[in-house]
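S.K.: This is the structure alone, sequence omitted:
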């Protein structure tokens, strides 16, 4: 049980792609790099509501990000 709790606590962001695929990330910078979006842009949007929509600059498709 403790291993599962540690695993869950390590992840901080849920990302859902336009096609419904989803990923969890533990680093805002790594996630931003994957999306080709500046991490400060995501950070500012998440501070406002705890979740946001962004455009993946590579695919030009929207993604949803939720801060866990």
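M.R.: Perfect, thanks for sending it. Fair warning: this is a prediction, and the values are worked out from it, not measured in the lab.

S.K.: buried ones in the biggest helix by length in the chain?
M.R.: Ranked by residue count and defined by DSSP state H, the top helix of the chain is helix 39-49. Using 16 or more other CB atoms under 10 Å as the test for burial, helix 39-49 gives 42, 45-46. Every C-beta, even on glycine, is put in place using the N, C-alpha and C of the backbone.

S.K.: Tell me which other helices or strands the helix or strand that comes right after it touches.
M.R.: On the C-terminal side of helix 39-49, the closest following helix or strand by DSSP states H and E is strand 51-56. Where contact means 3 or more CB pairs under 8 Å, 6 or more residues apart in numbering; DSSP states H and E, strand 51-56 is packed against helix 39-49, strand 61-67.

S.K.: quick one on the thing from earlier: I'd like the distance from the longest helix of the chain to the chain centre, please.
M.R.: Relative to its chain's centre, helix 39-49 lies at 10 Å (CA atoms, centre = their mean, to the nearest Å).

S.K.: Outside of that helix itself, list whatever touches it.
M.R.: Helix 39-49 has contacts (CB atoms under 8 Å, 6 or more residues apart in numbering) with 28-29, 31-33, 35, 52, 54, 65, 67.

S.K.: tell me the average confidence for that helix?
M.R.: In this model, helix 39-49 has a mean pLDDT of 94.
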